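Visitor: I'd like to go over a predicted model; first the sequence, then the structure.
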Amino acid sequence: MCPGSFDPVTNGHVDVIERAAALYDELVVAVLVNPGKAGLFSIAERMELLRDACAELPNVTIDSFEGLLVDYCREHDVPVIVKGLRAVGDFEYELQMAQMNRELADVETLFVPTAPQVGHLSSSLVKQIARFGGDVSRLVPKAVLDRLLAQREPGA
């Protein structure tokens, strides 16, 4: 499984998802439901945008989860979590999470470094650039770009 908030999904996310999908017969991309955090897009919208971005990947399914990732993994017999890494800071945090997930549920974590051309992307940066009218067309899938542009329109 490839978990995340995906708010919004970026081309960096898609890179990791495509590469993970090539490694496994089945891949679940799961959106974290965090009730304490307001997102730009609703969970349903994020799932829809992910379905669009992954439409060409027949072995990918989109789901959502709330609570501990390891609980989802146990309930759905998921043996491996796939996490994308952009930089050293990501590794330090994700290594601790991987060790804890293995301790709690014997779930392995596979780290996939993002491709250099998308390694600088984050949902937070994309949202900030879009909020100020910057061009994010090379940073996100078309469906995400369309939604971001629609939000800029008066009355949206």
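Guide: Structure's in. What do you need? These figures come from a predicted structure and were not determined experimentally.

Visitor: what's the nearest residue to Glu48 if we skip its chain neighbours?
Guide: Ala143 (7.9 Å; Cβ to Cβ, 6 or more residues apart in numbering). (Glycine included, C-beta is placed from N, CA and C.)

Visitor: From Ala20, how far out is the one you found?
Guide: 20 Å (Cβ to Cβ, to the nearest Å).

Visitor: which one of these two has more residues nearby?
Guide: Just comparing Ala143 and Ala20: by other Cβ atoms under 10 Å the higher neighbour count belongs to Ala20, 23 against 18.

Visitor: Quick check: mean pLDDT of the strand or helix carrying the more buried one?
Guide: For Ala20, the element it lies in under DSSP states H and E is helix 11-23. Across helix 11-23, pLDDT averages out at 97.

Visitor: Buried residues in the helix or strand bottoming out on mean pLDDT in the chain, which are they?
Guide: Within the chain, no helix or strand scores below helix 142-152, which has a mean of 90 by mean pLDDT, DSSP states H and E. Neighbour-count burial for helix 142-152, counted by 16 or more other Cβ atoms under 10 Å, picks out Ala143, Val144, Leu145, Arg147, Leu148.

Visitor: Please identify the one among the residues you listed that lies nearest to Val31.
Guide: Distance to Val31, by Cβ to Cβ, is smallest for Val144 among the buried residues of helix 142-152, at 13.7 Å.

Visitor: can you pull the contacts of that closest one?
Guide: Val144 is in contact with Pro8, Val9, Thr10, Leu49, Ala53, counting by Cβ atoms under 8 Å, 6 or more residues apart in numbering.

Visitor: tell me the two of the residues you listed that are most distant?
Guide: Maximum pairwise distance among those (Cβ to Cβ): 10.4 Å, between Thr10 and Leu49.
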